[in-house]
Structures are given as C-alpha cells and as structure tokens.
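**Student:** Coordinates only, no sequence provided:
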C-alpha cells in the first residue's frame, strides 16, 4: 500500500469527478439503449477513479490526450458537460460542432487536445505537446491515456523512447483493465507488468491500484511533480477493470463470471464513497453533491437533445483553413 | 555580407527557406533523423549549420522513429509551433501514415476548427540513382486522396525556396516533396522575399497547340521536349502545378480550353496516379472543347527496379512525353 496523506477535501474532489463520470455513463447508456442516441459507446464504468485521481493532480492548463474510451478522462479534466453531450449527439452546439463525435473529442480550453480512435496513436502526439511545453518553459504537463492493448502497438515504443531521450514532461497513463477488446492480458502481452516496459526506455515506471483513490493520486502527484521539475516522463500502469465490455452491447462473454463478480464487488465508486463516510464526510454532504451532479447530467442530456444539427455547409469548413468548393456542383 | 549567389541548387534553396523561416519566426522548429550539425546536418546536408545558428532545441536530431517524429510535430503544432519534420526518404513515410492520415489531416475538421496542424513534412524521393524498390517511390497520390493535406513540389530552385517557405507559413499540414536525382541541379535564385502561393500553378512556357501538365522533375523534361518540338512549329504550353493538392484547376482548365489538347506527366506510376484525377477533371469540364482524349505519361506499373537498364526502362522519359504529345496531336 502506498503511503498517502490525502486530505478529505481532495478525496471529495476525486469523488465529485468520479460520480460525474458514473452518472454521465449511466445516462449515456440509458439514452443509447432507448434509442435516443445512436452511437458507438465505450463505457468507462469501473475506471472512474483512475481518471478522477489523475486529473485531480493536474492544473487546468495541463494537456490531455486520450482515446475513444475517454469520457472519464475528459470529464475528470473538466470538459463542459453540455458541449460534450451535444457532441455525442452530433449537434452544432457540441465541442466540435458535431464534426468529431464521441471518439474525437477536443476542447482546448480545458486542455483536452486530442481524442483518438486509433489504438496507440496518442503517445507520439502527447510528446509534441510536451515538447512545446519544454520549449516554452511553461511547466505544463501532458497526460496521455491509453489501455493495456495499446502498449503492444509500435507507436508506444517509439514515443516512450523519444520522451525518455528528450526528458519530456509527459505522463503515460496506461489504464490496465486486463482486456484488449475481447482478448485477455496474458494472451496479448509478453511482459508481466506494463510498468516494467519503462525499464527498457530508461524511464520511471510504476504500477498502482488505480481503483484506490489515495494510492492512485499519490502516484499521479509524484509523476506530475517529476514532469514539472523537468525530470522527464513517467509510465503509470493503473490497474482497473471495465464492467460494460469493450463496446456497449458486448456481453463480456469472454470474461470469466467469477472475475467480473469480484471486480464489481470492488466497484471503485462506492468504495470511495465508503471511505469518505469513514473520514467524517456526512451522508447529507455526499447526497447533496450527488443530486447536484445528477441534475447537471440530466440538463446536459436535454441540452443535447434540444440542440440543432450542424449546417451542411460544415462539410466544406475546417477541411483546410479556407472553405472548400462544392465538388458536386463541379461534377454537375 | 556575402555577394548574392548567381545560381543555387535545390538543396541550397531548401536550406535557405528553412533558415529564413527560422530567423523570422521562433515557432519554426526542425525535427528529423541526423539533421543537427553533430549528426552531419541531414543525409543531404540540407540543414547543415542550422543547429549551430538556432540551437539544438530548435533543430533536433531524432531517433529513427517516423511515427514519433510526425507525432511530435503534430503535438507541437497543436499548441502554436510550426514544426518542419524531415522524413529522410518518402518510402519511410509509410511508417508514419497513421499520424499523417488519421491525425495531421483530420484534427482541424474533427475538432470543429478548434485546433490546427501547421506542420510541414519534407521528404525526398525519385528514381534514377539505383536506390531500388524501397528508396525511390513517388507516393503523392496517396496523400492527394486525403482531404486536409496540401502537397507541393517544385520544378526549379527558385520555386523550391518560395514554395517551402509558403508551406512552413501555411496553417495547414503540408507535404513538401524533394527530388533525389535533381538535388544538386541549379538555377537562378529567387528575389528576396519571393513566395510561391500554395494552390497556384504556373505556366512555365506558353503555347497554342497542346498543354503539358505536370509537377516537379518532369517539368524540366516537358520544357526540353517543348523546345525541341518548337523547331517543328509545334507550340507546347507547359503548366507546372507546384501544388499537387488541392490543385489549381482554374489554370489547368484555362490552358486546356485554349489548346484543346492535354498530356499529363508525372514520375509516379501512371495507374491510379494524380494524372487520373486531372484528366478526369478536364474531361468533366471541357469535353466539348477537347480535340483529342487527354493522355497520361507516368512510370511503369512495377516496383522501382535496381538494375540501371531496368530502372531506365521503368522511369518515364522525354521520349514518352514526346510520343504522347504527337499521338494527342494526331
């Protein structure tokens, strides 16, 4: 167990972020299963605390690069809920005017720079953000989130090596949920621990129980301090689990029942709630915080449904920095 | 103060462009294999001296890791830098396709215009030096098929400098293709401050009877053929695209509307090449004005071979251009 002296306010902050993720996920799933949203959805349920504890260690102007299973990272980083929801609904009021969609969320104001749908491709870009911070001397840190499967992609190796050689202020946060799509860890990964891969890059690597808010935050805080001090990158392997399969609709048939049941019994969100109650946070405080967030989620969902779709002209804008001609008119 | 050069090579033009860009804007940084002085200033010495002048922080030799190079350029560009990434040879760009196609090209659009990727990827290729199948390909058509990228290449050193500067200053991701066999070919230097605007073709020689449309190395061949045919009274117009994508349809169509005949030439293999797009566009818009079908000249449908006799046979030639012109003239 990592030594921690996490105070009550910090744990409450982490819980606030985790509950927001938990509620947003529940609402997204409800809207998808009732046909109100038709999207590919990669639920982060089970991984809430990893993101909440990591992002609680950051400054608002730090950068995030994440992947298509990413609402936990984005929400924990502070992305506005309404705009995120509208983007998932393909609406003009979305973060990206409905042009990116669930797998391509960007919101530079909160540091959400890239969300990629290509496994393993975020790390090279995170290095570039880190390089910019290093050149600027602005002390910003970049967190790059990915899953255990991504550590088997070539770009992981290229990017971690470069980050180490250049001592970039980047934190590579591997959220190891033990399954890459439907394939278990041991069938796809030769290393016993992903954190051990850091050794081959001359990089600090650490494995942590990502579902333990205090332990996860302690590791995150240390990595952030290292990056800000110009001492280079860190590979964090945060052990976690996912409860709703790879893609929503997948019934997790490839996960042994006992494994799933054990993971759900250790559900990190109620576990953190219990810890808070033990540290003298009142039930009333938590209930009020939860009710407020649940209301915000409902409001954001309604905002998305009520928002207009983008103008079709958007297809000719943002391709390059000038508006494109209508190629159907040309052909006609 | 050094006296102005009477002639400069392509390689010098590229160097001058990067030097000027770095002097003018400290957000311009260079990334690539061996590009700093300590590593030799690049495989073609194109960046030699720049790390001494601007520092190793801005001129960075990288690991041999093309995805990491392009990714680093993209990330830095997202927050205000204007990186120039050198991919030593164009075939090596295949290793970085995900970064270029899925990210550099699309992030502006997918973010709804919140971010942009003002990077320039310099890369070299071209057959004729016995480099074989994995060091010689011209792959511009792949990138031209990806919305969100600009692709440019120059046919003379003056344009090379002006075009590379325009790429570095442009707010979009640009792929700038340099040519191996003509790297030391020289020509008049441009005036100070000269820029070749992206998306603008140039009529390099005016003519009445037929338009030859191309870019890069084959322009010099087309001009040579045009000079030869002029002695027979055949008047050939030569249109140099300079920007391959998005291409300057207006200049191309104006030229062909005038001459009524067109030959498109590129070094890349003819099949599914850039020439197919331009030819199609001409047929779509000028079918009634055409006096003959548009002809295409390209290299053979095979990997670039090694043996000099095979390589010569593989590569397009001035004779191919001349034959296509004569056939199109009827």
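**Tutor:** Great, that's in hand. Predicted model only: the values in this text are computed from it and were never measured. Numbering: from 1, shown residues only, chains lettered A, B, ... in the order given.
**Student:** Chain A contacts on the stretch 151-300 of chain B?
**Tutor:** Neighbours of chain A within the stretch 151-300 of chain B, by C-beta under 8 Å from any C-beta of the partner chain: B:170, B:171, B:172, B:246, B:281, B:284, B:285. Where you see a C-beta, it was placed from the backbone N, CA and C, and this is true even at glycine.
**Student:** Mind giving me the ChimeraX select for the residues you listed, buried ones only?
**Tutor:** Of those, the buried ones go into a single ChimeraX selection, burial set by 16 or more other C-beta atoms under 10 Å in any protein chain shown:
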select /B:170,172,246,281,285
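**Student:** Among the residues of the stretch 151-300 of chain B next to chain A, which are located in helices?
**Tutor:** Within those, residues falling in helices by DSSP state H are B:281, B:284, B:285.
**Student:** Which single one of the residues you listed is nearest to chain A?
**Tutor:** Distance to chain A, by C-beta to the nearest C-beta, is smallest for residue B:284 among those, at 6.3 Å.
**Student:** Residue nearest the middle of chain B, spatially speaking?
**Tutor:** Geometric centre of chain B, nearest residue: residue B:153, 1.8 Å, by C-alpha atoms, centre = their mean.
**Student:** So, low pLDDT: which residues of chain A?
**Tutor:** Applying pLDDT under 70 to chain A flags residues A:1-6, A:330-332.
**Student:** Longest helix in it, by number of residues?
**Tutor:** Max-length helix for chain A by DSSP H is helix A:8-33.
**Student:** burial of residue B:192, as a residue count?
**Tutor:** Counted with other C-beta atoms under 10 Å in any protein chain shown, residues neighbouring residue B:192 total 7.
**Student:** Which secondary structure state does it sit in?
**Tutor:** The three-state assignment at residue B:192 reads coil, by DSSP: H, G, I helix; E, B strand; the rest coil.
**Student:** what's the farthest-apart pair in the residues of the stretch 151-300 of chain B next to chain A?
**Tutor:** Distance extremes for those: the farthest pair is B:171 and B:284 at 29.8 Å, using C-beta to C-beta.
**Student:** buried set for the top helix by length along chain B?
**Tutor:** Counting residues, the longest helix found in chain B (DSSP H) is helix B:10-24. Using 16+ other C-beta under 10 Å as the burial criterion, the residues of helix B:10-24 that qualify are B:10-22.
**Student:** mind listing what's buried in the one helix or strand residue B:276 maps to?
**Tutor:** Residue B:276 is part of helix B:274-286, with elements assigned from DSSP states H and E. For helix B:274-286, burial by neighbour count (16+ other C-beta under 10 Å) applies to B:274, B:275, B:276, B:277, B:278, B:279, B:281, B:282, B:285, B:286.
**Student:** Between all of the residues you listed, which two are separated the most?
**Tutor:** Taking C-beta to C-beta, no two of the buried residues of helix B:274-286 sit farther apart than B:274 and B:286, at 17.9 Å.
**Student:** hang on, the earlier thing: which ones are touching the residue nearest to the centre of chain B?
**Tutor:** The contact partners of residue B:153, taken as C-beta atoms under 8 Å, 6 or more residues apart in numbering or on different chains, are B:140, B:163, B:176, B:177, B:178, B:179, B:215, B:216, B:242, B:244.
**Student:** elements contacting the longest helix of chain A?
**Tutor:** Helices and strands touching helix A:8-33, as assessed by 3 or more C-beta pairs under 8 Å, 6 or more residues apart in numbering or on different chains; DSSP states H and E, comprise helix A:48-55, helix A:71-77, helix A:81-88, helix A:213-228, helix A:268-278, helix A:283-306.
**Student:** what about stretch B:264-273, how long is it end to end?
**Tutor:** In stretch B:264-273, first residue to last residue: 10 Å (C-alpha to C-alpha, to the nearest Å).
**Student:** now swap in stretch A:69-88 and tell me
**Tutor:** OK, stretch A:69-88 end separation, C-alpha to C-alpha: 13 Å.
**Student:** in the sheet, who's paired with the closest residue to residue A:219 other than its chain neighbours?
**Tutor:** Nearest non-adjacent residue to residue A:219, counting by C-beta to C-beta, 6 or more residues apart in numbering or on different chains: residue A:208, 4.4 Å away. Taking DSSP bridges, one obtains residue A:238 as the residues bridged to residue A:208.
**Student:** And residue A:208, how far from chain B?
**Tutor:** 26 Å (C-beta to the nearest C-beta, to the nearest Å).
**Student:** pretty sure that residue contacts residue A:236?
**Tutor:** Yes - between residue A:208 and residue A:236 there is a contact at 6.5 Å, judged by C-beta atoms under 8 Å.
**Student:** so what sits against both of those two?
**Tutor:** Counting by C-beta under 8 Å, 6+ apart, the shared contacts of residue A:208 and residue A:236 are residue A:219.
**Student:** the more surrounded of those two?
**Tutor:** The neighbour comparison of residue A:208 against residue A:236 (other C-beta under 10 Å) goes to residue A:236, with 28 against 21.
**Student:** Quick check: residues of the stretch 151-300 of chain A near chain B?
**Tutor:** A:154, A:155, A:158, A:159, A:161, A:162, A:165, A:166.
**Student:** count of residues packed around the last one?
**Tutor:** Counted with other C-beta under 10 Å, residues neighbouring residue A:166 total 21.
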